[in-house]
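> Sharing a sequence plus its predicted fold:
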Amino acid sequence: MAIISYSNGFIFIKNLKTAGTSVEVHLSQYCSDTDIVTRIEPPNPLHTPRNFAGAAGEPVFYNHMPAVHIRALLPDHFPAFYKFCFERHPVDKCLSHCAMLINSPKQRAAKGIESWEQYVEEAQFPTDFDRYTDAAGALLVDKIYKYEALADAVSAISRKLGLPDRPLLVREKAGFRYGVPTVAEVMARPAERRLIFEAFAPTLRFVDYS
């Protein structure tokens, strides 16, 4: 997903497993008919996709679109708009990602992940730094908010953009968090913790997690 809001002057970059769909649904309600709002799956009645396709009907703006691609398409607007995304503690993010791959029938059929141990062995972790940095590793967003402070972050974003300061009531894609260890259990396993934190090293340049 991406939201490019001309009416409110912001670009929301959606990362994996950071309540991005919930934030998208929330923010899309304040977008105008001329703003760009990409599709989500499954659809939500509070979320109306718009203006994401080109003349031939093929999507130009798409789910989890990197900031560098948005900048290339909107070079005049990108520098002036407020650009932001969310990040999450690496271990918690991986556990949430793994639980989704195991417990979502669609994801399980596509990825074939059966357990946390298999997930760690394959090390296909949900790193997102390339969605909000350029090829040289330079940051392309103005702010990275923490998932752990989601409610306060949404309130701060609303105040900054002059949007109604309403709580985030929608929680999409929840309910898959079972069948995996706890964060504390993984943090107590040095080999697993080290593997995850090494994968997230580029992320940790910008967000303080330990």
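Looks like it arrived, so ask away.

> and Q124, how many neighbours?
Counted with other CB atoms under 10 Å, the neighbours of Q124 add up to 15. For every residue, glycine as well, the C-beta is placed using N, CA and C.

> Roughly how far does the closest residue to it other than its chain neighbours sit from P42?
Excluding the flanking residues, the one nearest Q124 by CB to CB, 6 or more residues apart in numbering is K111, at 7.9 Å. Distance of K111 to P42, given as CB to CB, to the nearest Å: 19 Å.

> Mind checking which of the two has more residues around it?
Neighbour totals were compared for K111 and P42, and K111 leads with 17 against 7 (other CB under 10 Å).

> pretty sure the more buried one contacts C98?
No. Using CB atoms under 8 Å, K111 makes no contact with C98, being 9.9 Å away.

> Helix or strand with the lowest mean pLDDT in this structure?
Every helix and strand of the chain was ranked by mean pLDDT, DSSP states H and E. The lowest is helix 105-111, at a mean of 69.

> Tell me which helix or strand comes right after that helix.
Sequence-wise, the next helix or strand beyond helix 105-111 is helix 116-122, with elements assigned using DSSP states H and E.

> contacts for that next one?
94-95, 97-98, 101-102, 113, 179-181, 192, 195-196 (CB atoms under 8 Å, 6 or more residues apart in numbering).

> Buried ones in that helix, by neighbour count?
Buried residues in helix 116-122, counted by 16 or more other CB atoms under 10 Å: W116, Y119, V120.

> pLDDT on that helix, on average?
For helix 116-122, the mean pLDDT works out to 96.

> Around L161, how many other residues sit close by?
L161 sits with 15 neighbouring residues when counted by other CB under 10 Å.

> Please apply the same query to the one 3 residues further on.
The burial count assigned to P164 is 8, neighbours taken as other CB under 10 Å.

> what do you get for A136?
Residues near A136, counting by other CB under 10 Å: 5.

> So it versus D130, what's the distance?
From A136 across to D130, the span is 11 Å (CB to CB).

> Helix, strand, or coil at the residue lying closest to A135 once chain neighbours are set aside?
Leaving aside its sequence neighbours, A135 sits nearest to V68 (CB to CB, 6+ apart; 7.2 Å). Taken by DSSP: H, G, I helix; E, B strand; the rest coil, the conformation at V68 corresponds to helix.

> Tell me the spacing between V68 and A138.
The gap separating V68 from A138 is 10 Å, by CB to CB.

> For the protein, which segments count as helices?
Counting by DSSP state H, residue ranges of the helices within the chain are 20-28, 67-73, 90-103, 105-111, 116-122, 129-132, 150-161, 183-187, 190-199, 201-204.

> Of all those helices, which one comes closest to I11?
I11 lies closest, by CB to CB, to one member of those: helix 67-73, at 6.2 Å.

> Now do the buried residues in that closest one.
Within helix 67-73, the residues scored as buried using 16+ other CB under 10 Å are A67, V68, I70, R71.

> Show me what that helix is packed against.
Packing partners of helix 67-73 (3 or more CB pairs under 8 Å, 6 or more residues apart in numbering; DSSP states H and E): strand 10-13.

> okay but F12 is in contact with F84, surely?
Yes. With contact defined as CB under 8 Å, F12 counts as touching F84 (6.4 Å).
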